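In: Let me see the structure of the following:
(one chain, ligands or ions: 2)
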Amino acid sequence: DVTVRQIAAGEVVERPASVVKELVENSLDADANRIDVTVESGGTDRIAVSDDGIGMSEADLRAAVREHTTSKIEDAADLDAGVTTLGFRGEALHTIGAVSRVTITSKPRDGEAGRGTELRLAGGEVESVGPAGCPEGTTVEVADLFYNTPARRKYLKTTTTEFSHVNTVVTRYALANPDVAVSLTHDGREVFATTGRGDLRSALLSVYGREVAESMIRADGESGAVAVSGYVSDPETTRSTREYMSTYVNGRYVSSPVVREAVLSAYGGQLSAERYPFAVLFVEVPPSEVDVNVHPRKMECRWSDESAVKATVETAVEEALLDHGL
Ligand code: ADP
Ligand code: MG
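Out: Ligands and ions are numbered 1, 2, ... in the order given. Sure thing, here's the model as predicted:
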(Lines give C-alpha, C1' and ligand atoms only; values in the text may rest on other atoms or scores of the structure.)
(Ligands and ions follow the chains in the order given, each with its own letter.)
Protein backbone atom coordinates (compact mmCIF):
# COMPACT_ATOMS: atom_id res chain seq x y z
CA ASP A 1 0.00 0.00 0.00
CA VAL A 2 1.59 3.18 -1.23
CA THR A 3 0.23 5.45 1.52
CA VAL A 4 1.31 3.22 4.38
CA ARG A 5 4.70 2.96 2.73
CA GLN A 6 4.99 6.74 2.43
CA ILE A 7 4.04 7.27 6.07
CA ALA A 8 6.51 4.61 7.18
CA ALA A 9 9.14 6.37 5.10
CA GLY A 10 8.79 9.44 7.28
CA GLU A 11 10.22 7.43 10.17
CA VAL A 12 13.49 6.95 8.35
CA VAL A 13 13.55 9.86 5.94
CA GLU A 14 12.92 13.25 7.45
CA ARG A 15 15.11 15.35 5.21
CA PRO A 16 18.02 15.06 2.75
CA ALA A 17 20.49 14.53 5.61
CA SER A 18 18.64 11.38 6.68
CA VAL A 19 19.01 9.98 3.17
CA VAL A 20 22.70 10.82 3.17
CA LYS A 21 23.13 9.12 6.55
CA GLU A 22 21.56 5.87 5.36
CA LEU A 23 23.51 5.82 2.09
CA VAL A 24 26.86 6.57 3.73
CA GLU A 25 26.21 3.85 6.33
CA ASN A 26 25.49 1.40 3.53
CA SER A 27 28.77 2.34 1.85
CA LEU A 28 30.68 1.84 5.09
CA ASP A 29 28.96 -1.51 5.64
CA ALA A 30 30.00 -2.41 2.08
CA ASP A 31 33.66 -2.05 3.06
CA ALA A 32 34.25 1.07 0.98
CA ASN A 33 37.66 2.74 0.95
CA ARG A 34 36.24 5.80 -0.80
CA ILE A 35 32.85 7.49 -0.45
CA ASP A 36 31.89 10.54 -2.51
CA VAL A 37 28.79 12.45 -1.50
CA THR A 38 27.41 14.96 -4.01
CA VAL A 39 24.31 17.02 -3.32
CA GLU A 40 22.42 19.70 -5.16
CA SER A 41 20.28 22.39 -3.51
CA GLY A 42 21.00 21.07 -0.06
CA GLY A 43 20.06 17.59 -1.25
CA THR A 44 16.48 18.49 -2.09
CA ASP A 45 17.08 18.22 -5.86
CA ARG A 46 19.65 15.48 -5.95
CA ILE A 47 21.82 13.33 -3.68
CA ALA A 48 24.42 10.93 -5.01
CA VAL A 49 26.58 8.66 -2.89
CA SER A 50 29.25 6.75 -4.72
CA ASP A 51 31.52 4.10 -3.20
CA ASP A 52 34.14 1.53 -4.16
CA GLY A 53 32.70 -1.11 -1.86
CA ILE A 54 31.75 -4.74 -2.46
CA GLY A 55 29.01 -3.81 -4.91
CA MET A 56 25.93 -5.76 -5.93
CA SER A 57 24.99 -8.18 -8.66
CA GLU A 58 21.69 -7.77 -10.50
CA ALA A 59 20.03 -10.24 -8.12
CA ASP A 60 21.49 -8.43 -5.09
CA LEU A 61 20.16 -5.13 -6.44
CA ARG A 62 16.65 -6.44 -6.96
CA ALA A 63 16.67 -7.83 -3.43
CA ALA A 64 18.17 -4.68 -1.90
CA VAL A 65 15.21 -2.48 -2.81
CA ARG A 66 12.59 -4.94 -1.56
CA GLU A 67 10.93 -4.28 1.76
CA HIS A 68 12.75 -5.60 4.83
CA THR A 69 15.55 -7.09 2.83
CA THR A 70 19.00 -7.02 4.29
CA SER A 71 22.07 -9.02 3.42
CA LYS A 72 23.46 -8.30 6.85
CA ILE A 73 21.53 -10.73 9.04
CA GLU A 74 20.83 -14.36 8.26
CA ASP A 75 18.60 -15.20 11.20
CA ALA A 76 17.65 -14.28 14.74
CA ALA A 77 20.85 -15.84 16.04
CA ASP A 78 22.83 -13.10 14.29
CA LEU A 79 20.79 -10.51 16.16
CA ASP A 80 21.61 -12.14 19.48
CA ALA A 81 25.28 -12.31 18.58
CA GLY A 82 25.31 -8.52 18.26
CA VAL A 83 25.12 -6.46 15.12
CA THR A 84 28.38 -4.98 13.92
CA THR A 85 27.15 -3.37 10.71
CA LEU A 86 25.51 0.05 10.82
CA GLY A 87 22.35 -1.09 9.04
CA PHE A 88 20.50 -4.31 9.62
CA ARG A 89 16.79 -3.63 9.28
CA GLY A 90 16.70 -3.63 5.52
CA GLU A 91 14.43 -0.61 5.42
CA ALA A 92 16.48 2.28 4.15
CA LEU A 93 16.67 1.74 0.39
CA HIS A 94 13.08 0.62 0.22
CA THR A 95 11.74 3.60 2.15
CA ILE A 96 13.93 6.17 0.41
CA GLY A 97 12.68 4.70 -2.85
CA ALA A 98 9.08 5.24 -1.78
CA VAL A 99 9.50 9.02 -1.57
CA SER A 100 11.90 9.85 -4.40
CA ARG A 101 13.30 8.76 -7.75
CA VAL A 102 16.22 6.43 -7.13
CA THR A 103 18.81 5.16 -9.58
CA ILE A 104 21.33 2.60 -8.37
CA THR A 105 24.26 1.45 -10.43
CA SER A 106 26.49 -1.23 -9.05
CA LYS A 107 29.12 -3.74 -9.96
CA PRO A 108 30.41 -6.42 -7.59
CA ARG A 109 34.01 -6.17 -6.54
CA ASP A 110 36.06 -8.87 -8.30
CA GLY A 111 32.86 -9.80 -10.12
CA GLU A 112 32.63 -10.86 -13.73
CA ALA A 113 34.56 -8.31 -15.70
CA GLY A 114 32.76 -5.56 -17.49
CA ARG A 115 29.20 -5.74 -16.43
CA GLY A 116 27.35 -3.64 -13.94
CA THR A 117 23.64 -3.17 -13.37
CA GLU A 118 21.44 -0.12 -13.23
CA LEU A 119 18.12 -0.21 -11.40
CA ARG A 120 15.61 2.62 -11.44
CA LEU A 121 12.84 3.14 -8.89
CA ALA A 122 10.13 5.76 -8.76
CA GLY A 123 7.78 6.04 -5.83
CA GLY A 124 8.93 2.63 -4.66
CA GLU A 125 8.19 0.77 -7.92
CA VAL A 126 10.95 -0.78 -9.99
CA GLU A 127 10.85 1.00 -13.33
CA SER A 128 13.75 -0.64 -15.07
CA VAL A 129 16.70 -2.93 -14.56
CA GLY A 130 19.44 -3.33 -17.10
CA PRO A 131 23.14 -3.59 -17.80
CA ALA A 132 25.29 -0.53 -17.17
CA GLY A 133 28.92 0.36 -17.65
CA CYS A 134 30.20 1.37 -14.24
CA PRO A 135 33.22 0.88 -12.03
CA GLU A 136 33.27 -1.63 -9.17
CA GLY A 137 31.24 -0.38 -6.26
CA THR A 138 27.90 1.32 -5.98
CA THR A 139 26.37 4.69 -6.79
CA VAL A 140 22.97 5.53 -5.37
CA GLU A 141 21.32 8.63 -6.77
CA VAL A 142 18.24 10.06 -5.11
CA ALA A 143 16.41 12.76 -7.05
CA ASP A 144 13.35 14.84 -6.25
CA LEU A 145 13.03 13.85 -2.61
CA PHE A 146 9.37 13.91 -1.47
CA TYR A 147 8.17 14.66 -5.03
CA ASN A 148 5.16 12.44 -4.35
CA THR A 149 4.55 13.63 -0.77
CA PRO A 150 4.01 17.39 -1.15
CA ALA A 151 3.15 17.80 2.54
CA ARG A 152 6.59 16.53 3.52
CA ARG A 153 8.32 18.51 0.83
CA LYS A 154 6.78 21.66 2.26
CA TYR A 155 8.55 21.04 5.57
CA LEU A 156 11.98 21.18 4.01
CA LYS A 157 13.93 24.23 5.10
CA THR A 158 16.15 26.50 3.03
CA THR A 159 18.96 25.07 0.94
CA THR A 160 21.45 26.46 3.45
CA THR A 161 19.78 24.74 6.39
CA GLU A 162 19.33 21.42 4.61
CA PHE A 163 22.92 21.51 3.40
CA SER A 164 24.18 22.26 6.88
CA HIS A 165 22.46 19.09 8.16
CA VAL A 166 24.02 17.11 5.30
CA ASN A 167 27.42 18.56 6.12
CA THR A 168 27.04 17.62 9.79
CA VAL A 169 26.20 14.02 8.91
CA VAL A 170 29.02 13.54 6.39
CA THR A 171 31.49 15.18 8.76
CA ARG A 172 30.54 12.73 11.52
CA TYR A 173 31.28 9.72 9.37
CA ALA A 174 34.44 11.24 7.90
CA LEU A 175 35.87 11.82 11.38
CA ALA A 176 34.85 8.37 12.62
CA ASN A 177 36.47 6.70 9.61
CA PRO A 178 39.76 8.46 8.82
CA ASP A 179 40.83 5.33 6.91
CA VAL A 180 38.08 5.97 4.35
CA ALA A 181 38.47 8.81 1.83
CA VAL A 182 35.26 10.78 2.22
CA SER A 183 34.37 13.78 0.07
CA LEU A 184 31.43 16.14 0.10
CA THR A 185 30.43 18.35 -2.84
CA HIS A 186 27.57 20.85 -2.83
CA ASP A 187 26.29 22.47 -6.03
CA GLY A 188 29.53 21.67 -7.80
CA ARG A 189 31.80 22.99 -5.06
CA GLU A 190 33.95 20.58 -3.03
CA VAL A 191 33.30 21.29 0.63
CA PHE A 192 35.88 18.86 2.00
CA ALA A 193 37.72 15.70 1.14
CA THR A 194 39.62 13.49 3.55
CA THR A 195 42.55 11.47 2.28
CA GLY A 196 41.55 8.12 3.74
CA ARG A 197 45.18 7.48 4.49
CA GLY A 198 45.35 9.38 7.66
CA ASP A 199 44.65 9.44 11.31
CA LEU A 200 42.03 11.49 13.08
CA ARG A 201 44.20 14.61 13.05
CA SER A 202 44.52 14.63 9.28
CA ALA A 203 40.76 14.08 8.95
CA LEU A 204 40.23 17.06 11.28
CA LEU A 205 42.47 19.13 9.05
CA SER A 206 40.49 18.20 5.92
CA VAL A 207 37.12 18.75 7.52
CA TYR A 208 37.58 21.77 9.76
CA GLY A 209 40.54 23.48 8.09
CA ARG A 210 43.99 24.43 9.29
CA GLU A 211 43.13 27.01 11.91
CA VAL A 212 40.81 24.74 13.84
CA ALA A 213 42.94 21.61 13.35
CA GLU A 214 46.03 23.37 14.69
CA SER A 215 44.13 24.50 17.76
CA MET A 216 43.21 20.94 18.68
CA ILE A 217 45.05 18.96 21.32
CA ARG A 218 44.96 15.28 22.12
CA ALA A 219 42.91 14.11 25.05
CA ASP A 220 43.24 10.55 26.32
CA GLY A 221 42.21 8.82 29.48
CA GLU A 222 41.18 5.54 30.95
CA SER A 223 39.55 4.56 34.17
CA GLY A 224 38.03 1.21 34.99
CA ALA A 225 35.97 0.03 32.05
CA VAL A 226 35.88 3.44 30.33
CA ALA A 227 38.48 4.71 27.86
CA VAL A 228 38.35 7.98 25.98
CA SER A 229 40.54 9.40 23.22
CA GLY A 230 40.30 12.20 20.73
CA TYR A 231 40.87 15.91 20.33
CA VAL A 232 39.57 19.09 21.90
CA SER A 233 40.25 22.68 20.86
CA ASP A 234 42.02 25.33 22.91
CA PRO A 235 39.59 27.54 24.84
CA GLU A 236 39.94 30.36 22.28
CA THR A 237 38.81 28.26 19.35
CA THR A 238 35.09 28.03 19.83
CA ARG A 239 31.76 28.31 18.06
CA SER A 240 28.39 29.52 19.16
CA THR A 241 26.78 26.08 18.93
CA ARG A 242 27.39 22.73 20.61
CA GLU A 243 27.35 21.11 17.21
CA TYR A 244 31.13 20.84 16.99
CA MET A 245 31.31 18.67 20.08
CA SER A 246 30.91 15.12 18.85
CA THR A 247 30.97 11.87 20.74
CA TYR A 248 31.37 8.36 19.40
CA VAL A 249 30.64 5.32 21.52
CA ASN A 250 32.44 2.20 20.38
CA GLY A 251 32.87 3.86 17.00
CA ARG A 252 29.26 4.94 16.55
CA TYR A 253 28.17 8.59 16.68
CA VAL A 254 25.84 9.42 19.57
CA SER A 255 24.39 12.57 20.99
CA SER A 256 25.60 12.47 24.60
CA PRO A 257 24.70 15.30 26.95
CA VAL A 258 26.77 13.54 29.64
CA VAL A 259 29.95 13.70 27.57
CA ARG A 260 29.26 17.28 26.44
CA GLU A 261 28.75 18.41 30.03
CA ALA A 262 31.94 16.63 31.07
CA VAL A 263 33.90 18.42 28.34
CA LEU A 264 32.45 21.81 29.21
CA SER A 265 33.13 21.42 32.89
CA ALA A 266 36.76 20.49 32.13
CA TYR A 267 37.22 23.95 30.60
CA GLY A 268 36.05 25.47 33.88
CA GLY A 269 35.53 29.20 33.46
CA GLN A 270 37.81 29.43 30.42
CA LEU A 271 35.10 29.60 27.79
CA SER A 272 33.31 32.85 26.99
CA ALA A 273 29.60 32.90 27.55
CA GLU A 274 27.63 30.92 24.96
CA ARG A 275 30.81 29.64 23.32
CA TYR A 276 31.56 25.95 22.83
CA PRO A 277 34.82 24.21 21.95
CA PHE A 278 35.45 21.71 19.19
CA ALA A 279 35.65 18.22 20.64
CA VAL A 280 35.84 14.89 18.86
CA LEU A 281 35.93 12.15 21.44
CA PHE A 282 35.82 8.39 21.10
CA VAL A 283 34.54 6.63 24.18
CA GLU A 284 35.12 2.90 24.44
CA VAL A 285 33.15 0.86 26.96
CA PRO A 286 32.20 -2.81 27.10
CA PRO A 287 28.98 -3.19 25.08
CA SER A 288 27.23 -4.38 28.25
CA GLU A 289 27.86 -0.94 29.80
CA VAL A 290 26.00 1.09 27.24
CA ASP A 291 22.66 0.92 25.48
CA VAL A 292 22.84 2.69 22.14
CA ASN A 293 19.45 3.50 20.72
CA VAL A 294 19.84 2.85 17.02
CA HIS A 295 16.48 4.24 15.97
CA PRO A 296 17.22 5.91 12.63
CA ARG A 297 16.27 9.35 13.89
CA LYS A 298 17.78 9.19 17.37
CA MET A 299 21.33 8.58 18.30
CA GLU A 300 21.16 8.43 22.02
CA CYS A 301 22.70 6.19 24.58
CA ARG A 302 22.20 5.20 28.16
CA TRP A 303 25.26 4.45 30.26
CA SER A 304 25.09 1.90 33.02
CA ASP A 305 27.61 4.01 34.97
CA GLU A 306 27.10 7.60 33.89
CA SER A 307 29.33 9.10 36.57
CA ALA A 308 32.28 6.91 35.54
CA VAL A 309 31.94 8.16 31.95
CA LYS A 310 31.65 11.76 33.08
CA ALA A 311 34.67 11.51 35.39
CA THR A 312 36.87 9.81 32.78
CA VAL A 313 36.06 12.34 30.06
CA GLU A 314 36.38 15.34 32.34
CA THR A 315 39.76 14.20 33.69
CA ALA A 316 41.10 13.43 30.22
CA VAL A 317 40.15 16.87 28.89
CA GLU A 318 41.37 18.69 32.01
CA GLU A 319 44.75 16.95 31.80
CA ALA A 320 45.05 17.69 28.08
CA LEU A 321 44.41 21.38 28.69
CA LEU A 322 46.83 21.46 31.63
CA ASP A 323 49.56 19.70 29.63
CA HIS A 324 49.30 22.51 27.10
CA GLY A 325 49.36 25.18 29.80
CA LEU A 326 45.75 26.03 29.08
P1 ADP B 1 20.34 -2.52 5.62
O2 ADP B 1 21.48 -1.58 5.52
O3 ADP B 1 19.60 -2.36 6.91
O4 ADP B 1 20.68 -3.94 5.29
P5 ADP B 1 19.28 -1.08 3.34
O6 ADP B 1 17.89 -0.91 2.83
O7 ADP B 1 20.03 0.14 3.75
O8 ADP B 1 19.21 -2.11 4.55
O9 ADP B 1 20.11 -1.86 2.26
C10 ADP B 1 19.59 -3.12 1.80
C11 ADP B 1 20.71 -4.00 1.27
O12 ADP B 1 21.24 -3.45 0.08
C13 ADP B 1 21.91 -4.12 2.21
O14 ADP B 1 21.70 -5.15 3.18
C15 ADP B 1 23.03 -4.45 1.24
O16 ADP B 1 23.04 -5.83 0.96
C17 ADP B 1 22.61 -3.74 -0.04
N18 ADP B 1 23.33 -2.45 -0.19
C19 ADP B 1 22.83 -1.22 0.04
N20 ADP B 1 23.73 -0.26 -0.22
C21 ADP B 1 24.85 -0.90 -0.65
C22 ADP B 1 26.16 -0.46 -1.09
N23 ADP B 1 26.49 0.84 -1.11
N24 ADP B 1 27.04 -1.41 -1.46
C25 ADP B 1 26.71 -2.74 -1.43
N26 ADP B 1 25.51 -3.21 -1.03
C27 ADP B 1 24.59 -2.31 -0.65
MG1 MG C 1 21.33 0.47 5.42
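In: mind listing the helices for the protein?
Out: Along the chain, counting by DSSP state H, helices occupy 2-12, 16-29, 58-64, 76-81, 92-98, 150-154, 159-176, 200-208, 210-215, 257-266, 306-323.
In: Of those helices, which shows the lowest average pLDDT?
Out: Note on these: helix 76-81 shows the lowest mean pLDDT, a mean of 55.
In: and stretch 268-279, how far apart are its ends?
Out: Chord length of stretch 268-279, first to last residue, is 15 Å (C-alpha to C-alpha, to the nearest Å).
In: Pull the residues that contact it.
Out: 208, 212, 215-216, 230-235, 237-242, 244-247, 260, 263-264, 267, 317, 321, 326 (C-beta atoms under 8 Å, 6 or more residues apart in numbering). (Each C-beta comes from the backbone N, C-alpha and C, glycine too.)
In: Please list only the buried members of those residues.
Out: Among the contacts of stretch 268-279, those scoring as buried are 208, 212, 215-216, 230-235, 237-238, 244-247, 260, 263-264, 267, 317, 321 (criterion: 16 or more other C-beta atoms under 10 Å).
In: distance of the residue lying closest to His94 once chain neighbours are set aside from Ile47?
Out: Nearest residue to His94 in three dimensions, chain neighbours excluded: Glu67, at 4.9 Å (C-beta to C-beta, 6 or more residues apart in numbering). Glu67 sits 21 Å away from Ile47, going by C-beta to C-beta, to the nearest Å.
In: the more surrounded of those two?
Out: More neighbours surround Ile47 than the other of Glu67 and Ile47, with 25 against 14 (other C-beta atoms under 10 Å).
In: so who does the closest residue to Ala132 other than its chain neighbours touch?
Out: In this structure, Ala132 finds its nearest non-sequential neighbour in Glu118, 3.7 Å apart by C-beta to C-beta, 6+ apart. Taking C-beta under 8 Å, 6+ apart, we find Glu118 in contact with Thr103, Ile104, Thr105, Ser128, Val129, Gly130, Pro131, Ala132, Cys134.
In: Tell me how many other residues crowd the nearest residue to Met56 once chain neighbours are set aside.
Out: Leaving out its chain neighbours, the residue that sits closest to Met56 by C-beta to C-beta, 6+ apart is Ser106, at 4.2 Å. Close neighbours of Ser106, defined as other C-beta under 10 Å, add up to 28.
In: One more: the one 4 residues further on?
Out: Neighbouring residues of Asp110 were enumerated by other C-beta under 10 Å; the total is 9.
In: Can you name the residues that contact Arg115?
Out: Counting by C-beta under 8 Å, 6+ apart, Arg115 touches Lys107, Pro131.
In: er, Thr241 actually
Out: Tyr276 are the contacts of Thr241 under C-beta under 8 Å, 6+ apart.
In: That one and ligand 2: what is the separation?
Out: Note on Thr241: its distance to ligand 2, by C-beta to the ion, to the nearest Å, is 28 Å.
In: Number the residues from 475 up from this point.
Out: Understood, numbering begins at 475; the last thing we discussed is Thr715.
In: Indicate which one of the helices of the chain is closest to Asp526.
Out: Smallest distance to Asp526 across the helices of the chain (C-beta to C-beta): 8.8 Å, for helix 490-503.
In: Number of residues surrounding Glu774?
Out: By other C-beta under 10 Å, 13 other residues sit near Glu774.
In: surely it meets Val728?
Out: Yes - at 6.3 Å, Glu774 and Val728 qualify as touching, with contact defined as C-beta atoms under 8 Å.
In: Mind listing the shared neighbours of these two?
Out: Going by C-beta under 8 Å, 6+ apart, residues that sit against Glu774 and also against Val728 are Val766.
In: ok, now which ones touch Thr613?
Out: Applying C-beta under 8 Å, 6+ apart to Thr613 gives the contacts Ala522, Val523, Ser524, Asp525, Ile578, Thr579, Ser580.
In: oh, I was asking about Lys581
Out: Contacts of Lys581 (C-beta under 8 Å, 6+ apart): Gly529, Arg589, Gly590, Thr591, Cys608, Pro609, Glu610, Gly611.
In: Ok, Gly725 next?
Out: Ala650, Phe756.
In: Give me the pLDDT value at it.
Out: Per-residue pLDDT puts Gly725 at 91.
In: All set now, cheers.
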